[in-house]
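>>> Sequence and computational prediction follow.
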Amino acid sequence: MKNWILQVELGGEWEQCLFTSREQALAAFVALAEDYKLELGRAVLFPTDARPHLPAAAAAEPTHTFLN
């Protein structure tokens, strides 16, 4: 099973979380979109075995981990 990283830009700051399933990460994104409608910027979801090209601040290890 792959882990997934969700990176979102909230108020100009990048935040990222690690999830154990894609569905869990997508559900978290939907919740963030509902809670932070005006502050939510870009978002990226990817498996831990693939890292997108993002700003250096966003390329660090996840700051939060959500495991089942």
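Looks like it arrived, so ask away.

>>> and E9, how far is that from L38?
For E9, the distance to L38 equals 13 Å [Cβ to Cβ, to the nearest Å]. From N, CA and C alone the C-beta is placed, and that goes for glycine too.

>>> neighbour count winner among the two?
Counting neighbours by other Cβ atoms under 10 Å for E9 and for L38 shows that E9 has the greater number, 18 against 5.

>>> Now do stretch 19-30: distance to the chain's middle.
Centre-to-centre, stretch 19-30 and its host chain are 9 Å apart (Cα atoms, centre = their mean, to the nearest Å).

>>> Show me the shaky parts of the chain.
Counting by pLDDT under 70, the ranges of the chain that qualify are 51-68.

>>> where along the protein do the strands fall?
Counting by DSSP state E, residue ranges of the strands within the chain are 4-10, 13-19, 40-47, 64-66.

>>> Relative to A27, which of the ones you listed is closest?
Evaluated over the strands of the chain, closeness to A27 peaks at strand 13-19, with 8.9 Å, by Cβ to Cβ.

>>> which residues does P47 contact?
By Cβ atoms under 8 Å, 6 or more residues apart in numbering, the contact set of P47 is K2, N3, W4, I5.

>>> cool, and G41?
By Cβ under 8 Å, 6+ apart, G41 lies in contact with V8, E9, L10, G11, G12.
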